[in-house]
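Q: Make a model of this:
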Amino acid sequence: MFSFCTKPLDLRLALLAVLAGCAAQSPVPSAPSHASPIPADATLIATHSGIGVFVMQQDGILYIVQADNGELIHASPVMLGHKLLFAPERNQIAINGMVVHEGGLSPSRSYRFYFDKQ
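A: You can find the predicted model right below:
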């Protein structure tokens, strides 16, 4: 699934607009816990399971963690216009078609996506 934004949107809205199956099961904190490897000022932008495409609306760092235990799965610098494919069914994360992470993903798990502006 690919989705393209035609208007400049707030990053949160852009990410939510292109995700399939994205839903918060319960209220989640807007910042990770102190024990997390994610910066305290990073913003929670989605809780998601299954395949999804992110179209970046600004430069920064995207962090992906398992929702149930907070384990960091992947962190990548991203730039305006980058397309990140999150494909747990294939056990892959790709940016602009290049695989940047393989392994450790499951379509039955939920993941939290945090964004830290640069």
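Q: I'd like the average pLDDT over stretch 52-65.
A: Mean pLDDT, computed over stretch 52-65, is 93.
Q: May I have the distance across it, first residue to last?
A: This stretch, stretch 52-65, spans 15 Å end to end (Cα to Cα, to the nearest Å).
Q: Next, the contact list for the residue minimising distance to the centre of the chain, please.
A: In the chain, the centroid-proximal residue (Cα atoms, centre = their mean) is Phe113; its distance is 3.6 Å. For Phe113, the contact set (Cβ atoms under 8 Å, 6 or more residues apart in numbering) comprises 15, 44-48, 54, 62-64. C-beta coordinates here come from the backbone N, C-alpha and C atoms, glycine included.
Q: Also Gly104?
A: Gly104 touches 73, 91, counting by Cβ under 8 Å, 6+ apart.
Q: And the next helix or strand past the helix-or-strand element of the chain with minimal mean pLDDT?
A: Lowest by mean pLDDT, DSSP states H and E among the helices and strands of the chain is helix 11-18, with a mean of 41. Sequence-wise, the next helix or strand downstream of helix 11-18 (DSSP states H and E) is strand 43-48.
Q: Just checking the distance from that following strand to the centre of its chain.
A: Relative to the centre of its chain, strand 43-48 is centred 7 Å away, using Cα atoms, centre = their mean, to the nearest Å.
Q: now for the next helix or strand after it, which elements pack on it?
A: Counting by DSSP H and E, the next helix or strand C-terminal to strand 43-48 is strand 52-55. Secondary-structure packing of strand 52-55 (3 or more Cβ pairs under 8 Å, 6 or more residues apart in numbering; DSSP states H and E): helix 11-18, strand 83-87.
Q: who does the shortest one pair up with?
A: Pairing partners of strand 83-87, with direction, according to DSSP bridges: strand 52-55 (antiparallel), strand 92-95 (antiparallel).
Q: nearest to Leu105, of those strands?
A: Smallest distance to Leu105 across these (Cβ to Cβ): 7.4 Å, for strand 92-95.
Q: Can you tell me what sits against the closest one?
A: Counting by Cβ under 8 Å, 6+ apart, residues outside strand 92-95 touching it are 64, 73-74, 76, 78, 82-87, 99-102, 105.
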